[in-house]
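Engineer: sequence and computational prediction follow.
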Protein chains: 2
Amino acid sequence: MSSQLQSAMEGLISVFHSYSGKEGDKYKLSKAELKNLLNGELADFIAASKDPGVVDAIMADLDENKDGQVDFQEFVVLVAALTVACNEFFVGCHESNVQKKENPGSKKV
Amino acid sequence: MSSQLQSAMEGLISVFHSYSGKEGDKYKLSKAELKNLLNGELADFIAASKDPGVVDAIMADLDENKDGQVDFQEFVVLVAALTVACNEFFVGCHESNVQKKENPGSKKV
């Protein structure tokens, strides 16, 4: 049986290949495949960005070797950065709630 | 409903905090917490390494700011590296199987 961490790692590999295998090099995301992945898997993040060129910007950022495709290692860099940002957001929310509970009236002054 | 990718990212955050919250700074893994995480979540990887000092070596590698603790960002670097290695292993196995199917007798020469 997989641990929670192994399941998460398997999920990352599985989701990448479910999109990268559609066309061209089946181990790399073309721009169309990346767009489908972002819209299908990270719709909330894409919607939160008001920039209509967000997919192009992400592609340019991720495609370190400039071959017009995103390989698994480049994809993991995106996921890692997003996950760190999410974690900081959750920790910030939690800390804010703890402070409110400890000092319920402190914001009313 | 979370996508598969969002679930994987939530899994990474959740598993980190389930270990980091046990003692000391609840947002960082102490050496004991890291050891518990590695043994509980990545037992196969740890067992595969014959090096009895593997936990110390991982701690030293991950602890970039040398505070004797591993924060979430440092943890994600480990997970990213392991996931890329796993992906390369799976892709290698898959390619090897494809070649065997395409040239079933080629290895018998």
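Structural biologist: Perfect, thanks for sending it. The shown structure was predicted, so the numbers you read here are calculated from the model rather than taken from an experiment.
Engineer: which bits of chain A sit near chain B?
Structural biologist: A:3-9, A:11-16, A:18, A:27, A:37, A:40-44, A:72-73, A:76-77, A:79-80, A:82-84, A:86-88, A:90-91 (C-beta under 8 Å from any C-beta of the partner chain). Using the backbone N, CA and C atoms, a C-beta is placed for each residue, glycine as well.
Engineer: what residues of the longest helix along chain A count as buried?
Structural biologist: Assignment by DSSP state H gives helix A:72-102 as the longest helix of chain A. By neighbour count on 16 or more other C-beta atoms under 10 Å in any protein chain shown, the buried set for helix A:72-102 is A:72-80, A:83-84, A:86-87.
Engineer: where in chain A is pLDDT low?
Structural biologist: A:1, A:106-109 (pLDDT under 70).
Engineer: again, only using 50
Structural biologist: Within chain A, the stretches with pLDDT under 50 are A:108-109.
Engineer: just the CA coordinates for stretch A:4-15, please, in CSV.
Structural biologist: Provided in CSV are the C-alpha atoms of stretch A:4-15 (Å, rounded to 0.1, in the frame of the first residue of the first chain):
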residue,chain,number,x,y,z
GLN,A,4,0.2,9.4,1.5
LEU,A,5,3.5,10.9,0.2
GLN,A,6,4.0,8.2,-2.3
SER,A,7,0.4,8.6,-3.5
ALA,A,8,1.0,12.3,-4.0
MET,A,9,4.2,11.6,-6.0
GLU,A,10,2.4,9.0,-8.1
GLY,A,11,-0.3,11.6,-8.7
LEU,A,12,2.2,14.1,-10.1
ILE,A,13,3.7,11.5,-12.5
SER,A,14,0.3,10.2,-13.5
VAL,A,15,-1.3,13.6,-14.2
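Engineer: just how off-centre is it within its chain?
Structural biologist: 14 Å (C-alpha atoms, centre = their mean, to the nearest Å).
Engineer: ok, stretch A:70-85 next?
Structural biologist: On C-alpha atoms, centre = their mean, the centre of stretch A:70-85 falls 6 Å from the chain's centre.
Engineer: again with stretch A:37-49
Structural biologist: For stretch A:37-49, the distance to the chain centre is 9 Å (C-alpha atoms, centre = their mean).
Engineer: quick one: residues in contact with it.
Structural biologist: By C-beta atoms under 8 Å, 6 or more residues apart in numbering or on different chains, the surrounding residues in contact with stretch A:37-49 are A:15-16, A:19, A:29, A:54-55, A:58, A:82, B:3-6.
Engineer: next up, the contacts around A:Phe75.
Structural biologist: Counting by C-beta under 8 Å, 6+ apart, A:Phe75 has contacts A:16, A:29, A:62.
Engineer: once you drop chain neighbours, what's closest to the second one?
Structural biologist: Nearest residue to A:Leu29, sequence neighbours excluded (C-beta to C-beta, 6 or more residues apart in numbering or on different chains): A:Val70, at 4.2 Å.
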